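# Predicted model and sequence below, questions to follow.
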Amino acid sequence: FEAWAVGGWVRDALLDAPSHDVDVTTSACWQDAEKILASRGYAVHRTGVAHGTITAVVEGEPVEVTTYRVEGDYTDHRHPDEVRFVDDIRLDLARRDFTVNAIAYHPRRGILDPFDGRGDLGRGLIRAVGDPRRRFEEDALRVLRAVRFACRLGFDIEPGTQRALVECADGLEDIASERIGQELDGIVRTGRMGWALMNEAEVLGEAIPELAAMDGFDQHSPYHAYDVLEHTARVCAGVEEFTGGMAPRALRWAALLHDVAKPSTWSVDEGGRGHFFGHPEEGARVAGSVMGRLAIDRATVREAQAIVRLHDLPIHPTVRSIRRMLAKLEEKCPGRGEALAHALIDLKRADAVGKAPDCMGYAVELDAMSRVLRAEIARGSVCTIA
């Protein structure tokens, strides 16, 4: 039988990047593949035999082994109505989502790349295999996968693929919320949510409808030079700058959702100036609703909510003010007050540089608060009363 390494492992190897899993595609049916692997002493699990997939455990690592296959129509925009096994790897590669994931490698035959995935790796492009609209209509989740790969790899999305993913983004309404959450969490974890908001607002608005209301929402405030969505994108980018690209997961979610309640809390005074009274508290509630719907783990949700709730809390470079901040965070997330205090200050910094130019100086002022915070932590300041 033939067998080729395929997909993400090959893509990442060509990029000289680490990869966390290995997929193999083979001409053998799953029963034969199971027999061959077991005869060599590998533990084999029947993880998806309806689709021709088994998983072998090799030196403690899972290796998925799948028979060459083609797929029928996707009437539910997620699962193929039928799977048909074939004997030509090129047919198998033709069913895959993006050219950079449709490259196969054989230790003797070398690279098989019928859709110029290597070319797109060199050009920094995410391009659908074949007709992009058909790819997204088959599986609407590929709309978010395209954004995730673009964020993870720092690539652009090829124009035809971009048009199709926007046109097909409404298919996400047929996808389970937890599956959408997995893809969105993957985008958040790349640290490039700022780019995604500025380039894929329509797609993200389908995935999280609460974001759509932020797009183009003029804040009518002297403190803000951008609409709510662009401000949020700048804050997401800012937290990456201030944390050296190592922003905690909860902080990244908090940056995305810190102003999510501004459209619903907006009011305007007699002078035409906009106000958002109570938006941090309402934003924390909405953030909990959004992240819960997306099946984000409860610990991350609680931490993100705490940061969102307190992102407008006035703080000063005094021991009393810093202890007050620590106590409030500790109350919301016991045992996490110190870590969340650093995250909150980083969000405040990013929030400042994402406003009007006259507000950016506050980011520098926060350095003094950060010094007091570190000094309080170093001296073992008590944040809770047992």
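Nice, thanks for sending it over.

# going forward, measure contacts and count neighbours with C-alpha atoms only.
Noted.

# Could I get the full set of strands for the stretch 101-250 of the chain?
Taking DSSP state E, counting those that start in this stretch, the strands of the stretch 101-250 of the chain run over residues 104-106, 110-112, 125-126, 156-157.

# what's next to stretch 264-276, contact-wise?
Stretch 264-276 is contacted from outside by 219-222, 262, 277-279, using C-alpha atoms under 8 Å, 6 or more residues apart in numbering.

# at 6 Å instead, please
219-221, 262, 279 (C-alpha atoms under 6 Å, 6 or more residues apart in numbering).

# So which of those residues belong to helices?
262, 279 (DSSP state H).

# among the strands of the stretch 101-250 of the chain, which is the most enclosed?
Ranked by average neighbour count under the criterion mean count of other C-alpha atoms under 10 Å, the strands of the stretch 101-250 of the chain are headed by strand 125-126 at a mean of 25.

# and it, which strands flank it?
strand 156-157 (parallel) (DSSP bridges).

# Reformat the strands of the stretch 101-250 of the chain as TSV; add distance to residue 341.
Conversion of the strands of the stretch 101-250 of the chain to TSV gives the following (distance: least, C-alpha to C-alpha, whole Å):
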stretch	distance to residue 341
strand 104-106	47
strand 110-112	50
strand 125-126	38
strand 156-157	35
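
# The residue nearest to residue 225 when sequence neighbours are not counted and residue 350: what is the separation?
Leaving aside its sequence neighbours, residue 225 sits nearest to residue 356 (C-alpha to C-alpha, 6 or more residues apart in numbering; 4.7 Å). The gap separating residue 356 from residue 350 is 12 Å, by C-alpha to C-alpha, to the nearest Å.

# quick one: which of the two has more around it?
residue 350 (26 against 15; other C-alpha atoms under 10 Å).

# returning to what we had before: now the residue nearest to residue 225: how far from residue 234?
For residue 356, the distance to residue 234 (C-alpha to C-alpha) stands at 12 Å.

# can you pull out the helices in the stretch 51-200 of the chain?
Taking DSSP state H, counting those that start in this stretch as the criterion, the stretch 51-200 of the chain contains helices spanning 89-94, 117-123, 132-138, 142-153, 159-167, 177-189, 193-199.

# do you know which of those helices lies nearest residue 18?
Residue 18 lies closest, by C-alpha to C-alpha, to one member of the helices of the stretch 51-200 of the chain: helix 142-153, at 12.3 Å.

# same question for the closest one, mean pLDDT?
Here helix 142-153 scores 97 as its mean pLDDT.

# residues making contact with it?
Contacts for helix 142-153 (C-alpha under 6 Å, 6+ apart): 136, 156, 165, 187, 190, 192.

# relative to helix 177-189, how tilted is it?
If you take axes from the mean of the first three to the mean of the last three C-alpha atoms, to 10 degrees, helix 142-153 sits at 20 degrees to helix 177-189.

# Go ahead and produce PDB holding the CA coordinates of helix 142-153.
What follows is helix 142-153, C-alpha atoms only, in PDB (Å, rounded to 0.1, in the frame of the first residue of the first chain):
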ATOM      1  CA  ARG A 142     -13.600  26.700   6.900                       C
ATOM      2  CA  VAL A 143     -14.500  30.400   6.800                       C
ATOM      3  CA  LEU A 144     -13.000  30.800  10.300                       C
ATOM      4  CA  ARG A 145     -10.200  28.300   9.600                       C
ATOM      5  CA  ALA A 146      -9.100  30.500   6.700                       C
ATOM      6  CA  VAL A 147      -8.900  33.500   9.200                       C
ATOM      7  CA  ARG A 148      -7.100  31.300  11.800                       C
ATOM      8  CA  PHE A 149      -4.500  30.100   9.300                       C
ATOM      9  CA  ALA A 150      -3.900  33.700   8.000                       C
ATOM     10  CA  CYS A 151      -3.500  34.800  11.600                       C
ATOM     11  CA  ARG A 152      -1.300  31.900  12.700                       C
ATOM     12  CA  LEU A 153       1.000  32.100   9.700                       C
END
